[in-house]
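Student: Coordinates for the following, if possible.
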Amino acid sequence: MSDAFLVLGLAAGYHYGDMKPFAASLERSGFRGRCLLFVSPTTREAERLEPHGVETLLFKRPAEMEHVPYNAWRYFLYRDWLREHGREFGRVLLTDTRDVVFQRDPASVDWPGAFCAALEDPSASVGSCPHTSHWLRGHLGDAALAEVAPEPLSCSGTSVGDPDAVQDYLERMTARLLPFTPGPRMAGYDQGLHNHLLRRDPPPGLCFLGNGGPILTLGSKPGEPELSKAGEVLNDAGLPAALVHQYDRKPALFRRIRALYS
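Tutor: Take a look at the predicted model:
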């Protein structure tokens with residue numbers, strides 16, 4: 001198995017300005033692995049990502065799958081691409097794109113498990129999150145939600161692991177994402193399924209990373225995050241996070257990052 005690092009994501013319907021913080025911060029981190037983003041026909045100026053070292057691959061959903069949200073369809077894209085190319089890498093980061101910035105080369109992080117899933121703020125559980133509970137109830141039903149409602153909330157937007165464990169996770173996710181019945185506010189239903197899967201049928205070598213680790217997930221965290229004297233975003237351990245996710249949920253931080261990469 002190679003020791004190469006892969007960053008894999010999707011950018012559907014965004015424009016270059018939305019994606020520049022992600023791409024430019026990854027470039028600035030010194031990352032020398034491979035970054036591949038699937039882009040939709042509605043993604044504008046995707047070619048401007050290439051000078052940052054980001055490859056793009058145009059995709060289209062089959063007509064019979066156009067009802068499936070992009071958030072869910074990405075797992076099928078990742079699964080199929082990694083079936084062919086997964087053995088070329090030693091680690092794979094599955095990541096959101098528009099609301100992620102890098103403060104450290106992700107390939108330099110000592111990721112502790114075969115499959116690392118990110119936890120949100122300790123105050124958040126599956127059941128207490130109105131979005132995740134709605135998505136899980138809507139897709140799998142009340143009984144499935146009750147099974148995992150007390151569990152700490154995991155964010156489906158950033159996960160990292162070795163290619164076998166990531167592929168295992170993707171196979172389990174895609175087997176459960178369909179059939180999908182559209183409903184009000186169900187576009188992020190993969191998040192509910194992600195949380196149920198990790199607790200009831202986890203991939204091998206699963207470990208959870210809290211906000212004191214390399215991934216800082218801000219959505220459920222109260223207030224603005226602390227900054228170092230150098231302006232780096234600090235995790236709950238008081239150290240610069242390698243990845244900062246959901247920075248757009250914090251108005252002051254959002255303005256700071258957009259200005260930095262304007």
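Student: CA only for contacts and neighbour counts going forward, please
Tutor: Fine.
Student: If you count neighbours, what's buried in the helix or strand hosting residue 38?
Tutor: Assigned by DSSP states H and E, residue 38 falls within strand 34-39. Using 16 or more other Cα atoms under 10 Å as the test for burial, strand 34-39 gives 35-39.
Student: before we move on, what about stretch 141-152?
Tutor: In stretch 141-152, counting by 16+ other Cα under 10 Å, buried: 144-145, 148-149, 152.
Student: Residue 32: neighbour count?
Tutor: Residue 32 has 15 neighbours, counted by other Cα atoms under 10 Å.
Student: Could you look up the SS state of it?
Tutor: coil (DSSP: H, G, I helix; E, B strand; the rest coil).
Student: So which elements touch the helix or strand encompassing residue 172?
Tutor: Assigned by DSSP H and E, residue 172 belongs to helix 163-177. Under the contact definition 3 or more Cα pairs under 8 Å, 6 or more residues apart in numbering; DSSP states H and E, helix 163-177 sits against helix 70-85, strand 91-95, helix 189-200.
Student: May I see those organised as CSV, with mean neighbour count, mean pLDDT and distance to residue 260 added?
Tutor: Formatted as CSV, the helices and strands packed on helix 163-177 follow (neighbours: other Cα atoms under 10 Å; pLDDT from 0 to 100; distance: least, Cα to Cα, whole Å):
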stretch, mean neighbour count, mean pLDDT, distance to residue 260
helix 70-85, 17, 98, 27
strand 91-95, 24, 98, 21
helix 189-200, 22, 98, 30
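Student: For the helix holding residue 172, which residues meet the burial criterion?
Tutor: Using 16+ other Cα under 10 Å as the test for burial, helix 163-177 gives 163-167, 169-174, 176-177.
Student: Just want the angle from it to strand 91-95.
Tutor: Relative orientation of helix 163-177 versus strand 91-95 (axes from the mean of the first three to the mean of the last three Cα atoms, to 10 degrees): 30 degrees.
Student: And helix 163-177, how far out from the chain middle?
Tutor: 14 Å (Cα atoms, centre = their mean, to the nearest Å).
Student: Tell me the spacing between residue 238 and residue 184.
Tutor: 39 Å (Cα to Cα, to the nearest Å).
Student: can you give me the strands for the stretch 1-150 of the chain?
Tutor: Here the stretch 1-150 of the chain has its strands, by DSSP state E, counting those that start in this stretch, at 5-11, 34-39, 54-58, 91-95, 100-102, 115-119.
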